[in-house]
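Enquirer: With the input below, show me the fold.
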Amino acid sequence: MKVHFIAIGGSAMHNLAIALHKQGAVVSGSDDEIFEPSRSRLQHYGLLPDTTGWEPDRIHPGLDAVIVGMHAKGDNPELAEARKLGLTVYSYPEFLYRQSADKTRVVIGGSHGKTTITAMILHVLTHHGIDTDYMVGAQLEGFEVMVRLSDDAPFMIMEGDEYPSSPTDLRPKFHLYKPSVGLISGIAWDHINVFKTFEQYLDQFQKFISCIEDNGVLIYNAEDPEVKKLCERNAGKNLQLLPYHIPRYEIRDGISHVMYPASEPLPVRIFGKHNMLNLEAARIVCRQLGVSDEMFSDAISHFRGASRRLEILYDDNGYKVIRDFAHAPSKVSATVRAVKDQFPEKKLVACLELHTYSSLSRDYLPHYRHSLDAADRAIVFYSPHALALKRLPSLSPELVAEAFSKEELQVITDPALLASAISEVVHENSCLLMMSSGHFGGLDLDQLTGQLKRT
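Expert: Just a heads-up that it's a prediction; the model follows:
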């Protein structure tokens, strides 16, 4: 099979390219920019394009399929050439569905928690040697490639993103997977550049529910009022509804223990109320796949979390450094509160980067009001370059500070100044929480952590 990837450098795209390469497909690709870790991983497998940019000559009649990523534009010259030649063109969610049409497909949807719940399920299945295919949008510990496709695995576990599928197919990705088991972890308005109103955003989840196969299963977070209302509206529609709630848990000496009935308290390596909800969601999904509660507990006690999801980068010398992917207001608030509750004896310094289109939009900024209140000190960083790339009007630090309504909030737009500001407020017995879906303008977190080690 010969497959060409247009925009091969994307998080999911490069993983799918590697997965097909490992299956024996002949894979080629193109992109106008490829960042780490995609660049190094593609280079390792001999899949890194020789040049950047779009070259129609790469498209030829011998290709069995062309897969186009969202980073490409609708007028992409390679895409135009593929259409001219009458080649089969897929978005990557379309391709994944075709590869898993005969399997039990589990799709984890929601505004937040998707990656962590998917990672938990895969950890449990792998721990017990249960064969499964998968697609996850983040790198997980113990997994070399975050897409797996096979002929024999009975299950396909997929993280279900609500962002558009491709530049020419604006349907959300999770509408294309047609799950046997669907899950909604929470709903909080996001991607305002695509979904202009909350009602429009909410409607995508109703459509997701409608995409679940007949006699399928819908698992949902009953603690989220919007999710509960939406899912229970679909009761009696040839769909089994399985709500879940936060399990009882206690924090003992900085470690969370889940108090399951009729069993000893279960110590886990994750923390935070939202992660306890994620854990319960994963447990209910695993039940649908034949995993008993005892098997689940045995495996989940070893789960360390997903990359960049409350990930402890450093814990020594009186300091903790924690990295998290949080960027939406509700997730920022939950993450800050989780860290403060878990380590109440430490001074919490929370640093948030505004990086997404939504977070950098002045009309959306007020949604962040009080989201950093649980922190002892708070810093908000954003890059004027990111605003320019997204073609958004400039923001003043004063406007940002007013939106968050947090006393002594520092607003910084220069990565060098950000490193200095952090060093000034992080002292012994501190916990530094770095939250971003980006990279803090190129700030080297390892170097910053090294500075803390030497203080």
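
Enquirer: Got the domain ranges for the chain?
Expert: Following automatic domain parsing, one gets these domains for the chain: 2-87, 94-300, 311-454.

Enquirer: Now stretch 269-284: buried residues?
Expert: Neighbour-count burial for stretch 269-284, counted by 16 or more other C-beta atoms under 10 Å, picks out 270-272, 274-284. Any C-beta I mention is one placed from the backbone N, CA and C, and that applies to glycine too.

Enquirer: That should have said stretch 135-155, apologies.
Expert: 135-140, 143, 145-149, 153, 155.

Enquirer: any chance you could map the helices in this structure?
Expert: 11-23, 38-44, 77-84, 92-100, 114-127, 198-210, 225-232, 273-288, 293-300, 329-342, 384-389, 397-404, 415-425, 445-454 (DSSP state H).

Enquirer: packing partners for the last one?
Expert: For helix 445-454, the helices and strands in contact under the criterion 3 or more C-beta pairs under 8 Å, 6 or more residues apart in numbering; DSSP states H and E are strand 311-316, strand 319-324, helix 415-425.

Enquirer: Buried deepest among those, which one?
Expert: Neighbour counts (mean count of other C-beta atoms under 10 Å) averaged over each of the helices and strands packed on helix 445-454 peak at strand 319-324, with a mean of 22.

Enquirer: partner strands of it, parallel or antiparallel?
Expert: If you go by DSSP bridges, strand 319-324 pairs up with strand 311-316 (antiparallel), strand 430-435 (parallel).

Enquirer: can you state the direction angle for the last one and helix 415-425?
Expert: Relative orientation of strand 430-435 and helix 415-425, computed by axes from the mean of the first three to the mean of the last three C-alpha atoms, to 10 degrees: 150 degrees.

Enquirer: can you list the residues that contact strand 430-435?
Expert: The contact list for strand 430-435 (C-beta atoms under 8 Å, 6 or more residues apart in numbering) reads 318-327, 332, 335-336, 339, 343, 346-353, 375, 422, 426, 440, 445, 452.

Enquirer: hmm, 6 Å instead?
Expert: Defining contact as C-beta atoms under 6 Å, 6 or more residues apart in numbering, one finds that strand 430-435 is touched by 319-324, 326, 339, 343, 346-352, 426.

Enquirer: Quick one: distance of stretch 409-428 to the chain centre.
Expert: Relative to its chain's centre, stretch 409-428 lies at 26 Å (C-alpha atoms, centre = their mean, to the nearest Å).

Enquirer: Only alpha carbons, please: show that stretch as PDB.
Expert: C-alpha atoms of stretch 409-428 as PDB (Å, rounded to 0.1, in the frame of the first residue of the first chain):
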ATOM      1  CA  LEU A 409      -1.300  38.700  38.900                       C
ATOM      2  CA  GLN A 410       1.800  39.200  36.700                       C
ATOM      3  CA  VAL A 411       1.200  39.300  33.000                       C
ATOM      4  CA  ILE A 412       4.300  38.700  30.800                       C
ATOM      5  CA  THR A 413       4.800  38.600  27.100                       C
ATOM      6  CA  ASP A 414       8.600  37.900  26.800                       C
ATOM      7  CA  PRO A 415       9.900  34.300  27.500                       C
ATOM      8  CA  ALA A 416      13.200  35.600  29.000                       C
ATOM      9  CA  LEU A 417      11.300  37.800  31.400                       C
ATOM     10  CA  LEU A 418       9.000  34.900  32.200                       C
ATOM     11  CA  ALA A 419      12.000  32.800  33.400                       C
ATOM     12  CA  SER A 420      13.200  35.600  35.600                       C
ATOM     13  CA  ALA A 421       9.800  36.200  37.100                       C
ATOM     14  CA  ILE A 422       9.400  32.600  38.000                       C
ATOM     15  CA  SER A 423      12.800  32.400  39.600                       C
ATOM     16  CA  GLU A 424      11.900  35.500  41.700                       C
ATOM     17  CA  VAL A 425       8.700  34.000  43.200                       C
ATOM     18  CA  VAL A 426       9.600  30.300  43.400                       C
ATOM     19  CA  HIS A 427      11.400  29.600  46.600                       C
ATOM     20  CA  GLU A 428      12.000  26.700  49.000                       C
END
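
Enquirer: And the contacts of it?
Expert: 318, 349, 377-381, 384, 397, 400-401, 432, 441-443, 448.

Enquirer: which of those are buried?
Expert: Buried, going by 16+ other C-beta under 10 Å: V349, R377, A378, I379, V380, F381, V400, L432, G441, L443, L448, out of the contacts of stretch 409-428.

Enquirer: quick one: the last one and G441, what's the gap?
Expert: Using C-beta to C-beta, to the nearest Å, one obtains 13 Å as the distance from L448 to G441.

Enquirer: wait, what's in contact with S111?
Expert: Neighbours of S111 in contact, by C-beta under 6 Å, 6+ apart: G186, I187, A188, D190.

Enquirer: Looking at the residues you listed, which one is closest to A72?
Expert: Nearest to A72 out of those is D190 (C-beta to C-beta; 22.2 Å).

Enquirer: Would you confirm that the closest one contacts A328?
Expert: Yes: using C-beta atoms under 6 Å, D190 is in contact with A328, at 5.2 Å.

Enquirer: Might one say that S437 is in contact with L354?
Expert: No: when contacts are counted by C-beta under 6 Å, S437 is not listed as touching L354 (9.8 Å).

Enquirer: okay, these two: which has more neighbours?
Expert: L354 (25 against 15; other C-beta atoms under 10 Å).

Enquirer: roughly how far apart are the more buried one and A374?
Expert: Counting by C-beta to C-beta, the gap from L354 to A374 is 18 Å.
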